[in-house]
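1. predicted model follows, preceded by the sequence.
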Amino acid sequence: MATDTERLTEAAVRVSGLVRRFGERPGRTVLDHLDLSIAPGEFVALLGRSGSGKSTLLRALAGLDYDVAGSGSIEVPGRVSVVFQDSRLLPWRRVLDNVLLGLDGREVVAGGRAALAEVGLAGRERAWPVELSGGEQQRAALARSLVREPELLLADEPFGALDALTRIRMHGLLRELCRRHGPAVLLVTHDVDEAIVLADRVLVLDAGRIAVDQPIHLPQPRSHRDPRFLEYRFQLLTALGVEEETAA
Ligand SMILES: Nc1ncnc2c1ncn2[C@@H]1O[C@H](COP(=O)(O)OP(=O)(O)OP(=O)(O)O)[C@@H](O)[C@H]1O
């Protein structure tokens, strides 16, 4: 029998027949025999209408869905980091202590400082979270994830609460950090453009399954004005049920 490590050599994530239900029996089926695989280092964005189950899938991959009815198999690597829409920094800990939370040893301090420098927060190690802007708090959250050198980064609307300009800056930063650290990424987003700008592959979740699996064949950095970008946008908006005239 193959070991966990052997089985994961070709895929960072392998999900098979995943079912998740909520409510009293028989309950509402949110994920319905969903299959998904993500290669090591691949950046995948997950779109879907509100309530389609994107966060449910992400929580399942993160192992955060205790007490949920369901079945199916999930294989993920040993080192998984999660970033949410809010930074979830502990307000009573300084920024560097937040980044190092749960890590031991003197050498991790240097790693934490380096991670903060990578996200543009050098010099803010001793700041309190409340002293950071929303974008800076998300940068700190990214540093906290990356210092753990994850093989899989799960991100649930990490830029959803940021203004448009900060968002664009964060896109560049995330792309660069992923290029350097090479985790597989699953990014949940409502923003079709964000998905096309960042991802190697865009998925659309519908009726409990992956309804669209679209590789994005565009060089980085990607321009919204590229006609191929517009084609991907049109196609994905249509898959999301946005009126064709609006999508056009
Ligand atoms: N713990 C829970 N208990 C009951 N129902 C839940 C629970 N978690 C999620 N649901 C339901 O499952 C469905 C999918 O929720 P989920 O948060 O995964 O959707 P989503 O695609 O991430 O939505 P959004 O884009 O609005 O964030 C929703 O109808 C939601 O109400």
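-> That came in fine, so what should we check first?
2. let me see the domain layout of this protein.
-> Following automatic domain parsing, one finds the domains of the chain at 4-79+150-247, 89-148.
3. could you check how far residue 87 is from residue 163?
-> 15 Å (CB to CB, to the nearest Å). Every C-beta, even on glycine, is put in place using the N, C-alpha and C of the backbone.
4. neighbour-wise, which of the two wins?
-> Between residue 87 and residue 163, counted using other CB atoms under 10 Å, residue 87 has the larger neighbour count: 22 against 11.
5. would the more buried one count as being in a helix?
-> No - if the criterion is DSSP: H, G, I helix; E, B strand; the rest coil, then residue 87 is coil and not within a helix.
6. how long is stretch 112-130 from one end to the other?
-> One end of stretch 112-130 sits 19 Å from the other (CA to CA, to the nearest Å).
7. so which bits of that stretch are buried?
-> By 16 or more other CB atoms under 10 Å, the buried positions in stretch 112-130 come out as 112, 113, 115, 116, 118, 119, 121, 124, 125, 127, 129.
8. before we move on, what about stretch 45-64?
-> So stretch 45-64, judged by 16+ other CB under 10 Å, has buried residues 45-48, 52-62.
9. could you do stretch 151-164 as well?
-> 151, 152, 153, 154, 155, 156, 157, 158, 159, 160, 161, 162.
10. I figured the fifth one hits residue 83, correct?
-> Yes - counting by CB atoms under 8 Å, a contact exists between residue 155 and residue 83, whose distance comes to 4.5 Å.
11. which residues touch the longest helix seen in the chain?
-> Longest helix of the chain, by residue count under DSSP state H: helix 164-181. Here helix 164-181 makes contact (CB atoms under 8 Å, 6 or more residues apart in numbering) with 43, 118-120, 133-135, 138-139, 142, 146, 149-150, 153, 155, 158-159, 162, 185, 194, 197-198, 220-221.
12. quick check: angle from the helix or strand just after it to helix 164-181?
-> Per DSSP states H and E, helix 164-181 leads on to strand 184-188 as the next helix or strand towards the C-terminus. For strand 184-188 against helix 164-181, the angle between stretch directions is 160 degrees (axes from the mean of the first three to the mean of the last three CA atoms, to 10 degrees).
13. strand 184-188 pairs with which strands, parallel or anti?
-> Paired strands of strand 184-188, with direction, are strand 43-48 (parallel), strand 152-156 (parallel) (DSSP bridges).
14. per-residue confidence averaged over the last one?
-> Spelled out, that is strand 152-156. When pLDDT is averaged along strand 152-156, the result is 97.
15. tell me if it is near the ligand.
-> No - Strand 152-156 stays clear of the ligand (CB under 6 Å from any ligand atom), getting no nearer than 7.6 Å.
16. for that strand, list the C-alpha coordinates in PDB.
-> C-alpha atoms of strand 152-156 as PDB (Å, rounded to 0.1, in the frame of the first residue of the first chain):
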ATOM      1  CA  LEU A 152      -0.800  24.200   1.000                       C
ATOM      2  CA  LEU A 153      -2.100  27.700   1.500                       C
ATOM      3  CA  LEU A 154      -5.900  28.000   1.900                       C
ATOM      4  CA  ALA A 155      -7.200  31.600   1.600                       C
ATOM      5  CA  ASP A 156     -10.800  32.500   2.200                       C
END
